[in-house]
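Chemist: Sequence and predicted structure, then a few things I'm wondering about:
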Amino acid sequence: MTLTSSDILKRLADTIRNDIGPAVSDEYTRTQAFMASVILSKLSKQLDLEAAHNLAEEADVEELKLRLQTVLSDSPPSVQYQLNNFLQQSHIMPLTSLLTALHEWGVNNSEASDALGLIRPVLRADIDRRMEIAT
Amino acid sequence: MSKKPTAEVSADDLEIIISNYLAKRLEVSGNVSISDLTRIAVGWSHETWLFDADWLNNDGEHQRLELCLRRDPGNALLRETSDLEEQFKVLKCLEKTDVPSPKAYWLELDSGTLGAPALIMEKIPGECPSPWRKEGRKFYTDAAKREVLPKSFVDALCSIHNVDWRSCGLDFLGVPAMGKDFALAEIAKWQSLITDSAHPGHPILADLIGWLISNAPSTERLTLVHGAYRTGNVLIKSDKVSAVLDWELQVIGDPMYDVAYMLTELNREDTDLLSNVVPRDLFFRRYEANTGIEIDEDKCRYFQLLYAMRSAAFWMSAAGLYAQSKNTDLRLARTEWSITVALERAAQELGY
């Protein structure tokens, strides 16, 4: 039987939490051991979920690209530039610059507001996925 | 408590360094005895050590000072936004006011003197139960029932907002213009911390910052603002606030910035009591009566979103310190996931 990387990290986390940490008498070092355990647990979860999360993100991004192109067809050059940049990517990070450009354009503008309405559910889904690991 | 040596100096060595330093400062010909030197294992921005100093004055009379040493190890969280010199000056200014705060004795910016830039201040009696721990929350729940601490906690905040900051010299902190300057300056401050962290960020943060800039409220009354007024940042003795601590984020600004921090759900757990100790009605009534300032809940909601940005900036800065190998404390590495929690909160506050 072969353990996955995720399983190994999980076991390391458990050992540090249950066996190593409690044997440390200095408070600072014991806290460090506990933190190491927490971090390894999260990395284990991250490894476990990475493939599924990436697929979900790519699917969300592809759908968003199509819809944003329609909504932002008459947007100013600063927004167009960031939209084009986003269209060439398969993940959500380029939305950072696009969102900045949209806010600068002004979200009272109906196109910018519509674009935000499309982007925010994608960000919600992304942060929900990240929360599976963070909490 | 931990006696873990700092990166630069062990506890034993520090004891000798402090003893020699105080002998010089106090102009004592004999020895200054240092006892109970203990590093407090809280706070991420500076090292904090408590100790007692005993000596004989030149008339042979026994003297004692109970002291607190804060040292800047040079690689701690928030050191870009809060230096010891500013803390020292603030504490000096507060000595002339009703704000319960420790007396500041000495500031040493030269690392050669106390092993790192440091400030020595009065150790005020009191306890500081952590509101993030079960036993701490029980302490505050019980204190709320006795009804003394809630009033004292509100009064201490009122004393901060009632400070005549110009006359006591706190205008050195910088005075924003009336209008949107205060909110925009805070956004810029935390944006700068985010940039310095070299963290890639997240689109939610860009959305949040865009919203904050577009909706910045106008500030029409300026007060001293503590910036992190909550249980856990005050010392308590006999159910009263004996000292307000953590003078690291203070600004001259909108008092609603502190009020928002009181009202936020982030600073309480499993209770409706503000900051785990103050009934909401009591807070509104007593705060408005003692300061003459009407609480603007809309503005507080805005500042709660600004706190979401600030939290994200803190955690990015912390994670950045670890990522850039400037600090090996694993608590900093763990904050990578705290960023996610802060951003999730921001998304909720923005309505998604």
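Modeler: Looks like it came in fine. Residues are numbered from 1 along each chain as shown, chains lettered A, B, ... in the order given.

Chemist: Every contact and neighbour count from this point should use C-alpha atoms.
Modeler: Will do.

Chemist: helix/strand/coil for B:Leu106?
Modeler: That one is not Leu; residue B:106 is Trp. strand (DSSP: H, G, I helix; E, B strand; the rest coil).

Chemist: likewise the one 10 residues further on?
Modeler: B:Ala116 falls in the coil class when you classify it by three-state DSSP.

Chemist: In contact with the residue lying closest to B:Leu94 once chain neighbours are set aside, which residues?
Modeler: Counting by CA to CA, 6 or more residues apart in numbering or on different chains, B:Leu94 lies nearest to B:Ser101, which is 6.9 Å off, once chain neighbours are set aside. Listed by CA atoms under 8 Å, 6 or more residues apart in numbering or on different chains, the contact partners of B:Ser101 are B:Leu91, B:Leu94, B:Glu95, B:Ser242, B:Ala243, B:Val244, B:Leu245.

Chemist: so can I have TSV of those showing pLDDT, secondary structure and neighbour count?
Modeler: Below are the contacts of B:Ser101 laid out as TSV (pLDDT from 0 to 100; DSSP: H, G, I helix; E, B strand; the rest coil; neighbours: other CA atoms under 10 Å in any protein chain shown):
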residue	pLDDT	secondary structure	neighbour count
B:Leu91	97	helix	22
B:Leu94	98	helix	22
B:Glu95	96	coil	15
B:Ser242	98	strand	22
B:Ala243	97	strand	22
B:Val244	97	strand	23
B:Leu245	93	coil	19
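
Chemist: Helix or strand for the residue nearest to B:Gly210 when sequence neighbours are not counted, just tell me which one.
Modeler: In this structure, B:Gly210 finds its nearest non-sequential neighbour in A:His103, 5.2 Å apart by CA to CA, 6+ apart. According to DSSP states H and E, A:His103 maps onto helix A:95-105.

Chemist: chain center to that helix: distance?
Modeler: Put simply, helix A:95-105 sits 18 Å off its chain's centre (CA atoms, centre = their mean, to the nearest Å).

Chemist: what's that helix in contact with?
Modeler: So helix A:95-105 is contacted by A:76, A:78-79, A:82-83, A:86, A:112, A:116, B:202-207, B:210-211, B:214 (CA under 8 Å, 6+ apart).

Chemist: Kindly report the same for stretch A:114-126.
Modeler: A:57, A:60-61, A:64, A:67-68, A:71-72, A:92, A:99, A:102, A:107, B:203-204, B:344, B:347, B:352.

Chemist: Just the CA atoms of it, as CSV, please.
Modeler: Coordinates of the C-alpha atoms in stretch A:114-126 are reproduced here as CSV (Å, rounded to 0.1, in the frame of the first residue of the first chain):
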residue,chain,number,x,y,z
ASP,A,114,-23.5,44.2,-14.6
ALA,A,115,-19.9,42.9,-15.0
LEU,A,116,-19.5,43.0,-11.2
GLY,A,117,-22.7,41.0,-10.9
LEU,A,118,-21.2,38.3,-13.1
ILE,A,119,-17.8,38.3,-11.4
ARG,A,120,-18.9,38.2,-7.8
PRO,A,121,-20.5,34.8,-7.9
VAL,A,122,-17.3,33.4,-9.4
LEU,A,123,-15.3,35.0,-6.6
ARG,A,124,-17.8,33.6,-4.0
ALA,A,125,-17.3,30.1,-5.4
ASP,A,126,-13.6,30.5,-5.3
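
Chemist: in that stretch, what's buried?
Modeler: Of all the residues in stretch A:114-126, those buried under the rule 16 or more other CA atoms under 10 Å in any protein chain shown are A:Ala115, A:Leu116, A:Leu118, A:Ile119, A:Arg120, A:Val122, A:Leu123, A:Arg124, A:Asp126.

Chemist: cool, stretch B:147-165 as well?
Modeler: Buried-residue list, stretch B:147-165, by 16+ other CA under 10 Å: B:149-165.

Chemist: quick one: the helices in the chain?
Modeler: Using chain A. A:5-15, A:27-71, A:77-87, A:95-105, A:110-134 (DSSP state H).

Chemist: my bad, the chain I had in mind was chain B
Modeler: According to DSSP H, the helices that chain B contains are B:11-25, B:84-94, B:111-114, B:134-146, B:149-161, B:181-197, B:203-214, B:255-263, B:280-291, B:297-323, B:330-349.

Chemist: Would you mind finding the most buried of those?
Modeler: Among these, helix B:255-263 has the highest mean neighbour count (mean count of other CA atoms under 10 Å in any protein chain shown), at a mean of 25.

Chemist: State the mean pLDDT of that one.
Modeler: Average pLDDT, helix B:255-263: 97.

Chemist: Residues of chain B that sit close to chain A?
Modeler: Proximity of chain B to chain A, by CA under 8 Å from any CA of the partner chain, involves residues B:1-4, B:41, B:202-207, B:210-211, B:214, B:329-331, B:333-334, B:337-338, B:340-341, B:343-344, B:347, B:352.

Chemist: for the stretch 51-200 of chain B, what are the low-confidence residue spans?
Modeler: B:75-82 (pLDDT under 70).

Chemist: Minimum distance to chain A, which residue of it gives it?
Modeler: Taking CA to the nearest CA, chain A has its nearest neighbour within the stretch 51-200 of chain B at B:Pro200, 8.4 Å off.

Chemist: picking up where we left off before, now the helix holding A:His103: buried residues?
Modeler: A:Leu95, A:Thr96, A:Ser97, A:Leu98, A:Leu99, A:Thr100, A:Ala101, A:Leu102, A:His103, A:Glu104, A:Trp105.

Chemist: that older thread, could I get the helices of chain B in TSV, plus columns for distance to B:Gly126?
Modeler: Shown next, in TSV, are those (distance: least, CA to CA, whole Å):
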stretch	distance to B:Gly126
helix B:11-25	23
helix B:84-94	18
helix B:111-114	26
helix B:134-146	13
helix B:149-161	13
helix B:181-197	32
helix B:203-214	38
helix B:255-263	21
helix B:280-291	23
helix B:297-323	28
helix B:330-349	27
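
Chemist: on that earlier part again, next one: phi and psi at the residue nearest to B:Leu94?
Modeler: phi -150, psi 150 (degrees, to the nearest 10).

Chemist: Off-centre distance for stretch B:154-171?
Modeler: Taking the mean of its C-alpha atoms, stretch B:154-171 sits 16 Å from the chain's own mean (CA atoms, centre = their mean).

Chemist: Over to it now: how far is its first residue from its last?
Modeler: 24 Å (CA to CA, to the nearest Å).

Chemist: Equivalent analysis for stretch A:101-120, please.
Modeler: One end of stretch A:101-120 sits 15 Å from the other (CA to CA).

Chemist: Could you list the buried residues of stretch B:127-136?
Modeler: Neighbour counts over stretch B:127-136 (16+ other CA under 10 Å) mark B:Glu127, B:Cys128, B:Pro129, B:Ser130, B:Pro131, B:Gly136 as buried.

Chemist: Name the nearest residue to the third one, sequence neighbours excluded.
Modeler: The one in question is B:Pro129. Closest to B:Pro129 by CA to CA, 6+ apart is B:Gly136, at 4.7 Å.

Chemist: Would you mind naming what in chain A lies close to chain B?
Modeler: Contact residues, chain A versus chain B (CA under 8 Å from any CA): A:26-28, A:32, A:35-36, A:38-39, A:92-97, A:99-100, A:103-104, A:120-121, A:123-124, A:127-128, A:130-131, A:133-135.
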